[in-house]
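Engineer: sequence first, then the predicted structure:
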Amino acid sequence: MKKILSSTPLIMLIFSVVVLSAPIWLAPLGANYPDLLQKFAIFGIFAVGYNILFGLTGYLSFGHATFLGIGSYTAVWSFKLLTMNILPAIILAMIVSGVFALVIGFLSLRRSGIYFSILTLAFAQMAYSLAYSVLTPITNGETGLQLTQQDPRYLDAIAGIPVKDGLPSTNLFGTLIKSMDGYFGFYVAAVVLIVAFYISLKIFRSPFGMKLRAIKSNQTRMKYTGFNTRPYLLTAFVISGMYAGLAGGLLASIDPLAGAERMQWTASGEVVLMTILGGVGTLIGPLLGATIIKYFENIFSALNSNELHKIFDFLPEGMENFMVTVVGPFVGEGWHLTLGLVFMIVVIFLPGGIMQGISHLFGFIKRIFGMGDKPAPVDDTVNNDSVSKGGAS
Amino acid sequence: MSNDKTPTLDRRGFLKASVATSMAATAPMFFMKDAFAKGEAFRNSPKADAKTITLGFNVPQTGAYADEGADELRAFKLAVKHLNGEGDGGMMNTFKPSALKGNGVLGKKVEFVTGDTQTKSDAARASAKRMIEKDGVLMISGGSSSGVAIAVQGLCQEMGTIFMAGLTHSNDTTGKDKRRYGFRHFFNAKMTGSALGPVLKEEMGTERKTYHLTSDYTWGWTQEESIKETTEGLGWKTVKTVKTPVGAGDFSQYITPILNSGADTLILNHYGKDMINSLTQSVQFGLRDKQVNGKNFEIIVPLYSRLMAQGAGKNLQGILGTTNWNWALTDDGSKAFVKSFGKEYGNPPSQAAHTCYVQTLLYANACEVAGTFYPPEVIKALEGFKFDGMGNGKTEYRAEDHQCFKDVLVVRGNDKPTSQFDLLKIVKEVPRSAVEYEAKVFGGDLGPYKV
C-alpha cells in the first residue's frame, strides 16, 4: 500500500491532475480566475525551489526574492531587446539568476545559521536599493520596467515579425500560443510547475538530496566523514536561486512588467512564510503554503462590508450586522491580521506546518479503521506519502 | 529513504501521463471567451438582460497615499449613488451636455468592487486583473500614484478595459506612456509649471537658487523636469536635485545638506504623507526662518491637496502650489458636489475625490452617448468631448492624448483659516489657454482602438 502510494509515477499523475484541473476545483472558492491561478502556479514554483535549500539543508535564506526580481528584469529585457517569445526569456532569467545565486551563495555560505540569514538579507537589501534607485536606467526605478512600442526586439525584427499597432503580447513561438493572457498563461505556468515539481521530487529522493539532509541533521559529523559540504550547499543554493529566477521569468512572461518591490525583504519573507506554513522539508507543503498566502492576499483583501453582508445574508438582521462588525476587521485591509493569526496557530500547534496536520488527520482516520496502530510520525518518508494524500484532499 | 525502493518513472510514462492530464484539463478553456472574439462581443460584455454592470475602483488603502485613496473611494461610492438615481444627484444636475438619466448606465444599475493598490505596481495590477477576470468589471478607475496609474493603464490596454485615471499628475500618464484605453481628467506637472511660473516671478523675482527634493518615480521625475523648465525660464538657477524614495518617512538626511548648499528656494516634489513629512521636517530644521543670499528662504510645493494641508497643519501656511480643484470654488458644479459630499460624509471633498467622481460620471455619460458599453465606441465618445459644470469651468478631453484641459488653480496655504477645512487660499485661477501645450511634445503612442 505504502509502496504504491509513494511511487513516482503515481505521485506525478495525481499531482498533474490536481494542478491542471485547478480551474475546476477552485471554482467554489472563487479563486478560479486566470490571474490568481497563475500566481498559485508561479509562487508554487518559487516555494518548491526555496524548499530545496531551506527544507533540505536547513539554511534559512532571507533574500530569495532577489532572484525572483532578477529573473523578472532579465525576462523583460529579453522581451525588449530580443523577442516576445517567452522561451528565451525564461531560459535567460534562469541563467542570470543562477549566476547571481552563485556569487551571493559563494559569499553567504561561508557562514551558517543566523549569520547566513543576515548575509542573504543584506544582499537582498542591496539588490533592492540598486534596483530601486541606483540602477534606474536598467530597472526604471519605482515606476517599474515596462515594454514600449519603440523597443528594438532584434530577433523578432530579423524573423520579420510585423510590428503591429499597439504593444505585441508575449507568446510561445508566435503560433503555438499567441498570447500568454488568461488561461493560456496558467497552463504554461502549470506545466512548468509540474516539471519543476518532478525535478524537486527527484532531488529529494536522490543521493544528493540525502547529503543535503545530512548537512541539516549534523554538518560537523558530515565533515568528519570526509565530505566537503560547501559544494553541496552551493549547488542547492544555486538550484533554488534558479527556481526563483524561473518563477520571476514566468511572472514577467505573463505580465511583462518588473518592479523593484518584487525584491523587497517582505517578498523574501513571504516565501519563508509559505514554506513554514505548508511544512518545511515536505514536497507538497510549500505549494500549499504558497496557495494559501496568495489566496488570502487576493481574495480576503478584496472583501468589503457589502460583500460580507451578502455572505451573512442568511442570518437574522441583528446577527448579520453583528457578524459583519466582528469579521470586518479581519478582511479587506485587515487580511494581514488573518494571515498572522493562521500563521501563529499553525506554528504553535503544528510546527510541521499544514502537512503535519494532514498526516495527523490521516493517522486518525487509519486508527479509526484499524489500519494502523499509532499516528504517523512526521518525517520525510511519511511526507512523501502525503504528497498524494495532500493532493487528493 | 533511498532511491532504489521507489519505482521510478521513465520518460515515456511521464510524457504519457502529462499529455493525458493536460488534455483532460484544457477542456474548461473552451468555455472562456477572449477579449474581442467577434463583432461587439467584448471582454465582460454585459448580457442584454443583465440588470447590473460592475465598475472597479482600485485605490491605495495602505501606504503613503492612503488618505487620498480613502477619499477617492468615498467619491466613487457617491458617484455610483448618483448614477443610480439615489441621493441629491450632485454634479449630475450641473453637468452639461449630459446624457445621464439617473437610472444607472444604459438602464443597468451600477455596482462596484474595490481593491487595494498598496501604491505598488505589482499589487495594483494584480488587483486590477482580479477585477477584470473575476468580477467582470467594465471600467477601472483610481490611482493616486502615477507609477501605479501607468502600470494599470498599460494592463487595461492589453485587456481591453477602459481605465479612467484618478489622481495622477505625471506628464507620462498622457505623455510618453499614454494609451488608447486610458483617460485622465486630472492636470499634470507641465500645467503646474506653466501656471506657477508667472506667480513665482511676481512674488520671488528672477534671481533665485533652487534645490529640489524629488520623489523617485515617474511623477517626481516629470514634475522636477517641468518645474525646472519653468524656473530656469524665469532666470532661476538650479543648485541641485536629489531623489528620495517614496514613503521614506524620515527626510532629515536629505534636508541637512540644503542648509549649506547656497540655495534659497526649496522645491518639494513630494505628495501625500511624504510631503507632510518632508515639509514638517524642513520647517523644524528652521529652513523657513533662514536668510540666504539676502532673501527669505522659500519653500514651494508644486502639487498640493487639502488632505496634505490638513496633515501638515501650520507648516503649510504661506506656501505656494497648484491644485486641480478646491472645495471653496463658487461655481454651481463645485457647490453642488461639496454639498452632496458633505451631507454624505460630513467633510468637504479633496481634489482626489473630485477627479474620481468626475471621471466616473464622464465614463457613464460616454456610455450613454455611445449607446453601448463596447469600449472602442465609448472611447470615441470621450475623445474630444467638451463639457462644463464639473467644477473646473469649460473642459475638453483632448483626443490626441486623452488629457483634460481646463483652468488650473494656484493656491497658498491659508494663514488665517476660518475652519479646519479652510486651509488653501486661491491665489489665481490660471485660464486654460495659459497651460495648454502641443500633444506631441511628449511623444508616445495611443495604440489601437481594438485590442
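Structural biologist: Thanks, I have it. Residues are numbered from 1 along each chain as shown, chains lettered A, B, ... in the order given.

Engineer: tell me the SS of the residue nearest in space to the middle of chain B?
Structural biologist: Geometric centre of chain B, nearest residue: residue B:167, 2.0 Å, by C-alpha atoms, centre = their mean. Here residue B:167 takes the coil state, with states given by DSSP: H, G, I helix; E, B strand; the rest coil.

Engineer: surely it meets residue B:119?
Structural biologist: No. Assessed by C-beta atoms under 8 Å, residue B:167 is found out of contact with residue B:119, at 11.6 Å. Glycine gets a C-beta too; all of them are placed from N, C-alpha and C.

Engineer: low pLDDT regions in the stretch 151-300 of chain A?
Structural biologist: Applying pLDDT under 70 to the stretch 151-300 of chain A flags residues A:164-166, A:175-179.

Engineer: which bits of it sit near chain B?
Structural biologist: Residues of the stretch 151-300 of chain A lying close to chain B by C-beta under 8 Å from any C-beta of the partner chain are A:164-167, A:169, A:181-184, A:187, A:191, A:194, A:198, A:205-207, A:210, A:255, A:257, A:259, A:261-262, A:298.

Engineer: what about 7 Å?
Structural biologist: Within reach of chain B by C-beta under 7 Å from any C-beta of the partner chain, the stretch 151-300 of chain A has these residues: A:165-167, A:169, A:182-183, A:187, A:191, A:194, A:205-207, A:255, A:257, A:259, A:261-262, A:298.

Engineer: out of the residues you listed, which are inside helices?
Structural biologist: Among these, the residues falling in helices (DSSP state H) are A:182-183, A:187, A:191, A:194, A:207, A:298.

Engineer: without its sequence neighbours, what residue ends up closest to the residue of the stretch 201-350 of chain B found nearest chain A?
Structural biologist: Nearest to chain A in the stretch 201-350 of chain B, going by C-beta to the nearest C-beta, is residue B:217, at a distance of 3.6 Å. In this structure, residue B:217 finds its nearest non-sequential neighbour in residue A:142, 3.6 Å apart by C-beta to C-beta, 6 or more residues apart in numbering or on different chains.

Engineer: next one: stretch A:302-309 to chain centre, how far?
Structural biologist: Computed by C-alpha atoms, centre = their mean, to the nearest Å, the chain-centroid distance of stretch A:302-309 equals 28 Å.

Engineer: contacts for that stretch next, please.
Structural biologist: Identification of contacts with stretch A:302-309 by C-beta atoms under 7 Å, 6 or more residues apart in numbering or on different chains yields A:320, A:324, A:327-328, A:331-332, B:113-115, B:130.

Engineer: for the stretch 1-150 of chain A, which spans come out with low pLDDT?
Structural biologist: Residue ranges of the stretch 1-150 of chain A with pLDDT under 70: A:1-5.

Engineer: which parts of it sit against chain B?
Structural biologist: Residues of the stretch 1-150 of chain A lying close to chain B (C-beta under 7 Å from any C-beta) are A:6-9, A:12-13, A:16-17, A:20-21, A:23-24, A:33-36, A:132-133, A:141-144, A:146, A:149.

Engineer: which ones among the residues you listed map onto helices?
Structural biologist: Mapping the residues of the stretch 1-150 of chain A next to chain B onto helices (DSSP H) picks out A:8-9, A:12-13, A:16-17, A:20, A:23-24, A:34-36.
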